[in-house]
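Peer 1: For reference, the sequence and a predicted model appear below.
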Amino acid sequence: MTSAIEVRDAAPGEADAVREVTLAAYQQYAADLPPPFWEAYRGNILATLARPEPAAQIVAVLAGAIAGAVLLYPGDAAVFTGGQGPPPMRWPEVRLLAVAPSARGHGVGEALMADCVARARRAGAVRLALHTTPMMAAALRLYTRMGFARAPELDFSPAPGFDVHGYTLVLG
């Protein structure tokens, strides 16, 4: 039996743990990307986590430790800084969903996403958006299982030959 997952806002003193979990979760993609692109992506992750505002930084605690994290941006927030990113969205957006490799398969990602959906609904949003890539296969399976559908109008290319796909979930 899996321990109960507690999903809550990150506490001020948990920034290091959130960063460690997020980097551990995303490290698997380093081998799929050219080294300069991976380093730029890793730098963007670190910069985003250093100043997550205006996002809600949400964590999942499993067996007393942070096992996952996600950022939930309000609608119309500028999610990406610098580079070639999408324009601000009118819907809330999920970003940097991360599950510690040791916690995968325990429902951590789904618990975090369910919390994002619930928060977006409480805020009166009609949709919830996110971006992902085909290389993030496990996350993509979770998103589609939860009802997210492709939204090609949200696609962008941060680098030549690297496409990021938009998805939304209708909340209404």
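Peer 2: Everything's here; your move. Numbers count the residues shown, from 1 in each chain.

Peer 1: From here on, just use CA atoms for contacts and neighbour counts.
Peer 2: Fine.

Peer 1: What ranges does the protein have for its helices?
Peer 2: 15-26, 35-50, 108-122, 137-145 (DSSP state H).

Peer 1: Can you check which of these gets nearest to residue 4?
Peer 2: Residue 4 lies closest, by Cα to Cα, to one member of those: helix 108-122, at 9.8 Å.

Peer 1: any weak-confidence spans in the protein?
Peer 2: Scanning the chain for pLDDT under 70 picks out the ranges 1-2, 77-89.

Peer 1: For the helices of the chain, give me TSV that also has mean neighbour count.
Peer 2: TSV is the format used below for those (neighbours: other Cα atoms under 10 Å):
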stretch	mean neighbour count
helix 15-26	18
helix 35-50	15
helix 108-122	19
helix 137-145	14
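
Peer 1: Please compute how far stretch 9-16 lies from its chain's middle.
Peer 2: Centre-to-centre, stretch 9-16 and its host chain are 16 Å apart (Cα atoms, centre = their mean, to the nearest Å).

Peer 1: would you put the C-alpha positions of it in PDB?
Peer 2: This file holds the C-alpha atoms of stretch 9-16, laid out as PDB (Å, rounded to 0.1, in the frame of the first residue of the first chain):
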ATOM      1  CA  ASP A   9       1.800  25.000  -1.200                       C
ATOM      2  CA  ALA A  10       5.600  24.900  -0.800                       C
ATOM      3  CA  ALA A  11       6.900  26.400   2.400                       C
ATOM      4  CA  PRO A  12       9.600  29.200   2.200                       C
ATOM      5  CA  GLY A  13      12.300  26.900   3.500                       C
ATOM      6  CA  GLU A  14      11.700  24.200   0.900                       C
ATOM      7  CA  ALA A  15      13.200  25.900  -2.100                       C
ATOM      8  CA  ASP A  16      16.300  23.600  -2.100                       C
END
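
Peer 1: For that stretch, report the contacting residues that lie outside it.
Peer 2: 49-50, 56-59 (Cα atoms under 8 Å, 6 or more residues apart in numbering).

Peer 1: buried stuff in that stretch?
Peer 2: residue 10 (16 or more other Cα atoms under 10 Å).

Peer 1: With distance to residue 117 added, can I get the contacts of stretch 9-16 in JSON lines?
Peer 2: Listed next are those as JSON lines, based on distance: Cα to Cα, whole Å:
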{"residue": "49", "distance to residue 117": "21"}
{"residue": "50", "distance to residue 117": "24"}
{"residue": "56", "distance to residue 117": "13"}
{"residue": "57", "distance to residue 117": "14"}
{"residue": "58", "distance to residue 117": "12"}
{"residue": "59", "distance to residue 117": "14"}
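
Peer 1: among the residues you listed, which two are most distant?
Peer 2: 50 and 59, at 15.3 Å, using Cα to Cα across those.
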